[in-house]
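Engineer: coordinates for the following, if possible.
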Amino acid sequence: MRSVVSRDAELGLAASVEAVEYRELSGAAYAVKGAADRLAAALALVILAVPMLVIAVAVKLSSPGPIIVRQVRVGRFGRPFNFYKFRSMREDAELIRNELEEHNEHDSPTIFKIKRDPRITRFGGFMRRTSLDELPNLFNVLRGEMSLVGPRPPLPREVAYYQPRHLQRLAAKPGITGVWQVRGRSEIGFEEMIDLGLEYIERWSLWLDLTILVRTPFVVVNGRGAW
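Structural biologist: Purely as a prediction, here's the structure:
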């Protein structure tokens, strides 16, 4: 069974990564990206208010537990933030995680994924395949903690395994979607995910963000890597 980093170690390391010298993403274009993110998130929350209410009721009726779960994730420059999503797992999911560690189907202990995770509820599986569980991420975008497009937001226990090169992916705000999502999601290994995040930061432009946003709905419909 793989070792699990303690919560104190996770949070301590997540705080320490602020000392890393990151590649700077700034300028007028990046300011436009931030403003556009918040405007788009606000409009999306208004348009999706009724569908999100329907999803909330379905989550509540599907199994005991909260409608929205809050997780600590590591954001830009290593700053932790509260990450919101619709609950797709049983209420005791974290309690039984250690029992499932040996079944992790990823190539690195930094990411924990199981194709047929017994903790996922039936409705939760549907939400994950369609990415509906991520709609509350729009609140994170509105708060300025996330972007519509960016690298996947890691958990502190994942960052605890990062090497200096890996930490450079924290130079950008994490995104609801990104290169990782449109290239295969959970089917992508850890090092490839890091490479894609670094490639995104190196090549970043408003046009690249727009391209990823246009491709995302087709990837969601296809369902590739959504587990």
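Engineer: so where's the chain shaky on pLDDT?
Structural biologist: Along the chain, the parts satisfying pLDDT under 70 run over 1-24, 95-113, 115, 184-186, 223-227.
Engineer: could I get the full set of strands for the protein?
Structural biologist: Here the chain has its strands, by DSSP state E, at 68-74, 80-86, 147-149, 175-177.
Engineer: residues in contact with the residue sitting furthest away from the middle of the chain?
Structural biologist: Using CA atoms, centre = their mean, the residue of the chain lying farthest from its centre is Ala28. It sits 25.9 Å away. Applying CB atoms under 8 Å, 6 or more residues apart in numbering to Ala28 gives no contacts. The C-beta positions use only the backbone N, C-alpha and C, and glycine is treated the same way.
Engineer: surely Asn140 and Lys85 touch.
Structural biologist: No: the criterion here is CB atoms under 8 Å, and Asn140 misses it with Lys85 at 9.3 Å.
Engineer: when those two are compared, which one has more neighbours?
Structural biologist: Set Asn140 next to Lys85 and count neighbours by other CB atoms under 10 Å: Asn140 wins out with 25 against 20.
Engineer: what about Val46, distance to Val220?
Structural biologist: 21 Å (CB to CB, to the nearest Å).
Engineer: neighbours of Ile188, just the number please.
Structural biologist: A total of 21 residues lie near Ile188 under the criterion other CB under 10 Å.
Engineer: which residue packs closest to it, ignoring adjacent ones?
Structural biologist: Trp180 (6.1 Å; CB to CB, 6 or more residues apart in numbering).
Engineer: thought that neighbour was touching Asp195?
Structural biologist: No: in this structure, Trp180 is not within contact of Asp195 by CB under 8 Å, at 9.9 Å.
Engineer: more neighbours: which of those two?
Structural biologist: The neighbour count for Trp180 versus Asp195, taken as other CB under 10 Å, is higher for Trp180 (23 against 16).
Engineer: spit out the contact partners of that one.
Structural biologist: Applying CB under 8 Å, 6+ apart to Trp180 gives the contacts Pro151, Arg152, Ile188, Met193, Leu196, Gly197.
Engineer: relative to Ala58, which of those is nearest.
Structural biologist: Among the contacts of Trp180, Arg152 lies closest to Ala58 (CB to CB), at 25.5 Å.
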